[in-house]
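# Using only what follows, build the 3D model:
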Amino acid sequence: MKAALALFAIYVGMFLVAIQGGSPGSVQAAPQSTATKASTAPTPVPIDPAKDADIRALLELVGARDQVQESVRLSAEQYREKLLASVANNEKNQAFVNAVISDYEKKFDVDHVTEQLVNIYDKHYSDEEIRGLLQFYGTPLGQKVATEGPKISREMQEATRGTATKAVKDALQETKQDNPGVGQNARLGNAAPRRGPQLRHNQQQDTPRPDAPQQAAQQQEQP
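Purely as a prediction, here's the structure:
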């Protein structure tokens, strides 16, 4: 059976958002604390082999790996847009951004995420519940949930995005009106890099910036 489960799509999407939301500082700090925490870190409890097999069967049944890969593809396009908006519009910078995204997609370990999903479902579901999910997605209703789930998820995202965009635009416009002379140049969207006295004062150049990926990641949650 070929299926893509809405529930898993949402879980996987939230899981990837959590991964992407990690700050660079926390990543850099990790190696420094590894040595001190190695001796005190709890040893993972092995998953019962039968339950492990059931979880993996469920993940395969609902196409969880495909959902992870699709999420990586979508996040790569989002990162690409953010990076392109942070550099000057020329061929060299476009090639630079493409190289970053290509390397990102190669470095993203889908197998590692799948292993993490196995442990997450082991923590939240008993083997009996996993078997119940396997049985449910073998029914006609389960198959419909699997088929319609991704469509519902996309429509929910589009509805949320549209409502959020309108709300933030209205908020920006009203705040400008209430505060004449303050923030009047504030804009939403992927605007081109600013050119002005501040940039010249800071001696910024229209060249590929090594900190662009970090800036893009930090800006991803901004409107």
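# In terms of secondary structure, what does the helix or strand harbouring residue 68 contact?
Residue 68 is part of helix 64-85 when elements are defined by DSSP states H and E. Counting contacts by 3 or more C-beta pairs under 8 Å, 6 or more residues apart in numbering; DSSP states H and E, helix 64-85 packs against helix 6-20, helix 91-107, helix 110-124, helix 212-219. The C-beta positions use only the backbone N, C-alpha and C, and glycine is treated the same way.
# quick one: low-confidence parts of the chain?
Residue ranges of the chain with pLDDT under 70: 1-44, 189-223.
# same thing but at 50, please
1-39, 41, 191-223 (pLDDT under 50).
# measure residue 88 to residue 79 for me?
Distance of residue 88 to residue 79, computed by C-beta to C-beta, to the nearest Å: 18 Å.
# Looking only at neighbour counts, state which of the two leads.
residue 79 (20 against 16; other C-beta atoms under 10 Å).
# That one is in contact with residue 102, isn't it?
No - contact criterion C-beta atoms under 8 Å: residue 79 and residue 102 do not qualify, at 11.2 Å.
# Check which helix or strand residue 89 maps to.
Short version: residue 89 belongs to no helix or strand, going by DSSP H and E.
# which stretch of helix or strand covers residue 186?
Per DSSP H and E, there is no helix or strand for residue 186.
# Number of residues surrounding the closest residue in space to it that isn't next to it in sequence?
Distances taken as C-beta to C-beta, 6 or more residues apart in numbering place residue 172 nearest to residue 186, at 6.4 Å, with adjacent residues excluded. For residue 172, the tally of surrounding residues (other C-beta under 10 Å) stands at 15.
# which other helices and strands contact whatever helix or strand residue 172 lives in?
Secondary structure assigned from DSSP H and E places residue 172 in helix 140-178. Helices and strands touching helix 140-178, by 3+ C-beta pairs under 8 Å, 6+ apart, are helix 6-20.
# Surely the residue nearest to residue 186 and residue 184 touch.
No - Residue 172 lies out of contact with residue 184 (C-beta under 8 Å); the separation is 10.5 Å.
# re earlier: quick check: buried residues in the helix holding residue 68?
64-71, 75-76, 79-80, 82-85 (16 or more other C-beta atoms under 10 Å).
# Please identify which of the residues you listed is nearest to residue 130.
residue 64 (12.9 Å; C-beta to C-beta).
# Quick check: the gap between the closest one and residue 71.
11 Å.
# Could I have the CA atoms of the helix holding residue 68 written out in CSV?
Backbone C-alpha positions of helix 64-85 (Å, rounded to 0.1, in the frame of the first residue of the first chain) are rendered in CSV as follows:
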residue,chain,number,x,y,z
ALA,A,64,7.2,8.8,6.6
ARG,A,65,10.6,8.8,4.8
ASP,A,66,9.0,10.3,1.7
GLN,A,67,7.5,13.0,4.0
VAL,A,68,10.9,13.8,5.5
GLN,A,69,12.5,14.1,2.1
GLU,A,70,9.6,16.3,0.9
SER,A,71,10.1,18.5,3.9
VAL,A,72,13.8,18.8,3.2
ARG,A,73,13.0,19.9,-0.4
LEU,A,74,10.6,22.5,0.8
SER,A,75,12.9,23.8,3.5
ALA,A,76,15.7,24.0,0.9
GLU,A,77,13.6,26.3,-1.3
GLN,A,78,12.8,28.5,1.7
TYR,A,79,16.5,28.7,2.6
ARG,A,80,17.3,29.5,-1.0
GLU,A,81,14.8,32.4,-1.1
LYS,A,82,16.2,33.8,2.2
LEU,A,83,19.7,33.6,1.0
LEU,A,84,19.0,35.1,-2.4
ALA,A,85,17.3,38.0,-0.7
